[in-house]
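Student: Got a predicted structure here, sequence first:
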Amino acid sequence: MNINSGQKKSDIIIVGGGVIGMSVAYELAKRGVGVTVIDKGEPGFGCSYGNAGWLTPCFSMPLPMPGMLLKSIKWMTDPESPLYIQPRPSWLLISWLTRFLFAMNEKQMVKSVTALTEISQYSLAAYSKLSGETGHDIHFEKKGLLMAANTKDGFDYAQTEMNLVSEHGVPGRRMSAEELKAFEPALTGPVVGGVYFPDEAHAEPLEVVRALTKGAIAHGAKILSGHELIDCETRDGKIVSIRTTKGVLRADEYVFAAGSWSTGVGRALGLNVPILGGKGYSFITKPVNPNPIHPLMLVEKKVAITPRNGTLRIAGTLELVNNDYSISPRRIDSIIKGARAFMNVPEEFEFSELWRGLRPCSPDGVPLIGYTKQYSNLFLATGHQMLGLQSAMGSARLAGDLILGAKPLFDPKPFNPNRF
């Protein structure tokens, strides 16, 4: 869709057409709000595109978990590790890591897990209805999620995660090595044990965004592709208008769901939005033999495996960078090597598609959802780390409640964007 170079008015403009922005658009449009979404590309082709597709409240863990300090230091020196931080002089990196370390405690973890589990459980229920509501198939499948470990430490970690989320109504069951291999024949490598979460689901991430887009449009929303944000006009503590590559737009309120670009967008407005891009990769490849029946998390390697219709998606790594989209052959090889340690991945590995993208990571692992104190009509919805798809619908529900002045279904305090 195109607009002229004049000014156009809508009730709310959402900047960002990924799964978060489109979820908020769908939520608000259903509730009678006039919504316009702008994106520099097509909705769903940014970070949302290469997601593993998991709708898994069992993974409601913030990035800075207790005990991560020593692991993080060790991983920082290994470019093939599951988490890698590019060593470079950067005030953003230093301040982000400082906050990251302060969030690495038991009290903060409990608060974060509670908040993330709640919005993820809501999202899972909402996704189960999305195809029916919008008439667009998101390929929703409820096959559960299986964590497989090939070391005792990995097995212990999986059980710790199971115990944490079980306190919030997410069921899981422990499996021995024998049970694990009988349950999932694709695990041909050595394993120690694992955990199965039976209520989890998965879907096709691009189709999710397309369904949200279709649903939002059906309720009156407008989607403007090819509109890149340039800057904002502000006056008296409000945003008056935004300038894009295709003209100036005006609204009563603005929602910024800009993902890993949020820091730069915020800086131009004098806002502190401490988001680092967590680069990840995913491959689409042929099924292996035997092919997985269930989505798999290979614990020690932090590699996600998702069986699809006729293909297999393999995703992994977290490389903390700042808007760096370069491809690292070494990181690619480490994902393949990690998958091969558990499954029958052929030596001559071939893929039909390689994707990389930046997950927006906040220092404490919890999204920023709420109004900024500097601008009364600017709402942030960003910083969902690796949980964007899994928690998008719950995030949108919270955003809708706060924007419309309704009693929030979820406690908004953990998500306060002014906490940094």
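Tutor: Perfect, thanks for sending it. Numbering: from 1, shown residues only.
Student: When you work out contacts or count neighbours from here on, use the C-alpha atoms and nothing else.
Tutor: Will do.
Student: Name the SS class of residue 369, please.
Tutor: For residue 369, the assignment made with DSSP: H, G, I helix; E, B strand; the rest coil gives strand.
Student: Would you mind measuring from the closest residue to it other than its chain neighbours to residue 390?
Tutor: Distance criterion C-alpha to C-alpha, 6 or more residues apart in numbering; nearest residue to residue 369, sequence neighbours excluded, is residue 381 at 4.6 Å. According to C-alpha to C-alpha, to the nearest Å, residue 381 stands 14 Å off from residue 390.
Student: Between the two, point out the one with more neighbours.
Tutor: Between residue 381 and residue 390, counted using other C-alpha atoms under 10 Å, residue 390 has the larger neighbour count: 32 against 29.
Student: who's the nearest residue to that one once chain neighbours are set aside bridged to?
Tutor: Nearest non-adjacent residue to residue 390, counting by C-alpha to C-alpha, 6+ apart: residue 55, 4.5 Å away. Using DSSP bridges, the bridge partners assigned to residue 55 are residue 201.
Student: pLDDT wise, what is residue 55 at?
Tutor: If you check residue 55, the pLDDT there is 97.
Student: Confirm for me that it is in contact with residue 389.
Tutor: Yes - Residue 55 sits in contact with residue 389 when judged by C-alpha atoms under 8 Å, with a separation of 7.0 Å.
Student: Return the helix or strand containing residue 265 as CSV; C-alpha atoms alone will do.
Tutor: Assignment of secondary structure by DSSP states H and E places residue 265 within helix 262-268. C-alpha atoms of helix 262-268 as CSV (Å, rounded to 0.1, in the frame of the first residue of the first chain):
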residue,chain,number,x,y,z
SER,A,262,14.5,-0.2,19.1
THR,A,263,17.7,1.1,20.7
GLY,A,264,18.5,3.4,17.7
VAL,A,265,14.9,4.5,17.3
GLY,A,266,14.7,5.3,21.0
ARG,A,267,18.1,7.1,21.1
ALA,A,268,16.8,9.6,18.5
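Student: Geometric centre of this protein: which residue is closest?
Tutor: Central residue of the chain (C-alpha atoms, centre = their mean): residue 388, 2.4 Å from the mean position.
Student: could you point out which element follows the helix or strand of the chain with the lowest mean pLDDT?
Tutor: Among the helices and strands of the chain, helix 68-76 carries the lowest confidence by mean pLDDT, DSSP states H and E, at a mean of 65. Where DSSP H and E defines the elements, the next helix or strand beyond helix 68-76 is strand 83-85.
Student: re the thing from before, what sits up against the strand or helix carrying the residue nearest to the centre of the chain?
Tutor: Residue 388 is located in helix 388-403, with elements delineated by DSSP H and E. By C-alpha atoms under 8 Å, 6 or more residues apart in numbering, the list of residues contacting helix 388-403 from outside reads 19-20, 23-24, 27-28, 48, 51, 53-57, 116, 118-124, 126-127, 205, 369-370, 381, 384, 407-410, 412.
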